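Engineer: here is the input, now give the coordinates:
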Amino acid sequence: MEVFNTPNKVIITCNRRLSPYLAQEVEALGFDIVRAFNTGVEVNASVNACIRLNLNLRIASQVLYEIKSFHAKNADELYQALVTIAWEELLPFEGYFSVTSNVHNETITTPLFANVKVKDAIVDRIKDKKGVRPNTGPELNQAVIHLHWIEDRAEIFLDTSGETLAKHGYRKHPGKAPMLEALATATIMATQWDRKSPFVNPMCGSGTLAIEAALMAQKRMPGLLRMNYAFMHFIGYNEEVFFEERRRLKESTDKKNLPHIIASDISDVAIDIAKSNAKTAGVEHLITFEVGDFAKTTIPEENGVIMFNPEYGERLGVHTKLEATYKRIGDFMKQECKGYRGYIFTGNLDLAKKIGLQASRRFEFFTGKLDCRLLQYELYEGSKEKPAASELRQDSKERSTGGKIHKLIRVSNKDNNDR
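Structural biologist: All right, here's what the predicted structure looks like:
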């Protein structure tokens, strides 16, 4: 079964509310989007093309290449359909594979049972053809097979990624409540930062936002930090394709005319962690780290973007200390960041009201299962800011992803269980 050079249906997944930004990335790579939905996009591509996607995408989670779609009412029908696939042409019989799944079928009480049926079909097929049983287990560091089974419709994929792409591999020390790397990238894309003007990140924590900004400015792809993908463990893999793409990415890295990026935090421990992460990412030299209260952060004279990701506190309830912090953030942006565009990422809309500035735009995101907003503030040179006591009153009714990004795709009305 030739998959490395045969275009077929490919699903690129991402976390909820990130698909418009993922679509922008995918289209920038020259792929046509067949369909978009809440947690990903569909394209038509070969597994060799999936190698390029894996190395270039910042926002994706998995790149899934479809092998077969079929109807299955129960586990027995699932097994019967899967055992007919020529797995011996896809998986090395002396190798190792794992199975992941997204299952919603009334006959299945746990996805683990469906996973076992998939493993049984593959192992039985290969044993019948080769006389050897391949090893299986939960680790995602070699070949990975993914089952998507909703009601009686099933699809089986080669997961060409393995470990998630949403983590970019540089964060060896995560720090306290770190933002997922893919989410950080999407929030920066939402600001439409030009990657040339200053990017300032007070209260930087483990440095994810500043590091992602530096990677984006340098056009340095996270794929350069990773040397193992699931596509390497399927029959037909040609390592020359992988290394040629890595070479191209290295050559396209921009090392000139880079912007001023500043990251500050009141905790010297947090700054040490951020520096360590930036060093692993290869961008430590591009970021100016400062220890101190956010109000002391250096603000370059040329206008740029300033982004905060403060603590949210509990979703409900009032926290006097955090209320005061959010008010100070608003005062600082208004007084010291004139000419910049200000952004605050928060999961607590009650606290956001304490900022005292009127948000010009609101972008919806999730972090984990928490409903969040990226709030945009125009910090005019004059005194055009008007505090709005009810600035977020209509927020729950808004569904904006912002600007050109929102126009890139139309998300399907039916997300088919986020797929």
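
Engineer: state the distance from residue 62 to residue 369.
Structural biologist: Residue 62 is 19 Å from residue 369, where distance means Cβ to Cβ, to the nearest Å. No exception for glycine: its C-beta is placed from N, CA and C like everyone else's.

Engineer: so which of these two has more stuff around it?
Structural biologist: When residue 62 and residue 369 are compared for neighbours, residue 62 comes out ahead with 24 against 6, by other Cβ atoms under 10 Å.

Engineer: where does the more buried one sit relative to residue 103, distance-wise?
Structural biologist: Note on residue 62: its distance to residue 103, by Cβ to Cβ, is 16 Å.

Engineer: again, but for residue 4
Structural biologist: Distance, residue 4 to residue 103, by Cβ to Cβ: 28 Å.

Engineer: what do you get for residue 345?
Structural biologist: Going from residue 345 to residue 103 by Cβ to Cβ gives 33 Å.

Engineer: got it, and residue 81?
Structural biologist: 15 Å.

Engineer: then residue 147?
Structural biologist: 7 Å.

Engineer: out of the two, which sits in the busier spot?
Structural biologist: residue 147 (21 against 18).

Engineer: all strands of the stretch 51-200 of the chain, in order?
Structural biologist: 63-71, 96-104, 135-136, 143-150, 153-159, 199-201 (DSSP state E, counting those that start in this stretch).

Engineer: now those strands in TSV, with mean pLDDT and distance to residue 227?
Structural biologist: TSV is the format used below for those (pLDDT from 0 to 100; distance: least, Cβ to Cβ, whole Å):
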stretch	mean pLDDT	distance to residue 227
strand 63-71	98	17
strand 96-104	97	17
strand 135-136	96	22
strand 143-150	98	16
strand 153-159	98	18
strand 199-201	98	29
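
Engineer: what about the strands in the stretch 201-350 of the chain?
Structural biologist: Going by DSSP E, counting those that start in this stretch, the stretch 201-350 of the chain shows strands at 261-265, 287-291, 305-308, 341-346.

Engineer: can I get those in CSV with mean pLDDT, mean neighbour count and distance to residue 201?
Structural biologist: As requested, the strands of the stretch 201-350 of the chain are exported to CSV (pLDDT from 0 to 100; neighbours: other Cβ atoms under 10 Å; distance: least, Cβ to Cβ, whole Å):
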stretch, mean pLDDT, mean neighbour count, distance to residue 201
strand 261-265, 98, 25, 5
strand 287-291, 98, 18, 9
strand 305-308, 98, 25, 6
strand 341-346, 97, 24, 10
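
Engineer: quick one: those strands as TSV, columns for distance to residue 379 too.
Structural biologist: Listed next are those as TSV, based on distance: least, Cβ to Cβ, whole Å:
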stretch	distance to residue 379
strand 261-265	16
strand 287-291	20
strand 305-308	8
strand 341-346	5
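
Engineer: and these: which comes nearest residue 329?
Structural biologist: Each of the strands of the stretch 201-350 of the chain has some distance to residue 329 by Cβ to Cβ; the shortest is strand 305-308, at 5.7 Å.

Engineer: so for this protein, the centremost residue is which one?
Structural biologist: Note on the chain: the residue nearest the mean C-alpha position is residue 182, at 2.6 Å, using Cα atoms, centre = their mean.

Engineer: tally of neighbours for the residue nearest to that residue when sequence neighbours are not counted?
Structural biologist: Distances taken as Cβ to Cβ, 6 or more residues apart in numbering place residue 166 nearest to residue 182, at 3.8 Å, with adjacent residues excluded. Counted by other Cβ under 10 Å, the residues lying close to residue 166 total 22.

Engineer: could you report the distance from residue 166 to residue 183?
Structural biologist: Taken as Cβ to Cβ, the span from residue 166 to residue 183 is 8 Å.

Engineer: which residues do these two both contact?
Structural biologist: Common contacts of residue 166 and residue 183, defined by Cβ atoms under 8 Å, 6 or more residues apart in numbering, comprise residue 15.

Engineer: comparing the strands of the stretch 51-200 of the chain, which comes out most buried?
Structural biologist: Among the strands of the stretch 51-200 of the chain, strand 199-201 has the highest mean neighbour count (mean count of other Cβ atoms under 10 Å), at a mean of 28.

Engineer: so in that sheet, which strands flank that one, and in what orientation?
Structural biologist: Applying DSSP bridges to the sheet, strand 199-201 is found paired with strand 261-265 (parallel), strand 305-308 (parallel).

Engineer: would you say residue 364 is within a strand?
Structural biologist: Yes: applying DSSP: H, G, I helix; E, B strand; the rest coil, one finds residue 364 inside a strand.

Engineer: I'd say it and residue 373 touch.
Structural biologist: Yes: Residue 364 lies in contact with residue 373 (Cβ atoms under 8 Å); the separation is 6.4 Å.

Engineer: which one of these two is surrounded by more residues?
Structural biologist: Neighbours per residue (other Cβ under 10 Å) separate residue 364 from residue 373, with residue 373 holding more: 21 against 18.

Engineer: tell me which element that one falls in.
Structural biologist: Per DSSP states H and E, residue 373 falls inside strand 370-378.

Engineer: and the angle for that strand with strand 341-346?
Structural biologist: Here strand 370-378 runs at an angle of 160 degrees relative to strand 341-346 (axes from the mean of the first three to the mean of the last three Cα atoms, to 10 degrees).
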